[in-house]
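# Fold the following.
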Amino acid sequence: MPDHVHLLLTPNAKTISQVMNLIKGGFSHRLASNFPIWQRGFADHFILDADHWNSRIAYIHQNPVRANLTTAPEIYPYSSAYRPPTPEE
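Here you go, the predicted model:
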């Protein structure tokens, strides 16, 4: 998505806040910009079971479709649903 990101994370030795600080800080450092990139804070949701996991994956994959950036998640190159065309296609 051009204006936000969805991540499914499973932190082990760090809290979700620590992990988000590492992601945001690492990205900002590599970008080397003086402009603000990230909004303050983040939203977190605990995954309760396999059905909940699958619903979150479906939600994330459908995001670019709902935003009219693509007609199918598999053809949006910035998605974990992306499947590049094979040479036969």
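# Could you list the residues in contact with the lowest-mean-pLDDT helix or strand in the chain?
Least confident element among the helices and strands of the chain, by mean pLDDT, DSSP states H and E: helix 16-31 (a mean of 90). Residues outside helix 16-31 that contact it (CB atoms under 8 Å, 6 or more residues apart in numbering): 7, 9, 11, 14, 37-38, 42, 44. All C-beta spots, glycine's among them, are computed from the backbone N, C-alpha and C.
# Repeat the analysis, applying 7 Å as the threshold.
9, 11, 37-38, 42, 44 (CB atoms under 7 Å, 6 or more residues apart in numbering).
# closest to residue 74 among the residues you listed?
Among the contacts of helix 16-31, residue 9 lies closest to residue 74 (CB to CB), at 23.0 Å.
# The closest one: what's it in contact with?
16, 19.
# I'd like to know how far residue 79 sits from residue 65.
10 Å (CB to CB, to the nearest Å).
# Name the residues contacting each of these two.
Counting by CB under 7 Å, 6+ apart, the residues touching both residue 79 and residue 65 are residue 73.
# Of all pairs in the contacts of helix 16-31, which one is the farthest apart?
Among these, 11 and 37 lie farthest apart (CB to CB), at 21.5 Å.
# Quick check: end-to-end length of stretch 57-76?
15 Å (CA to CA, to the nearest Å).
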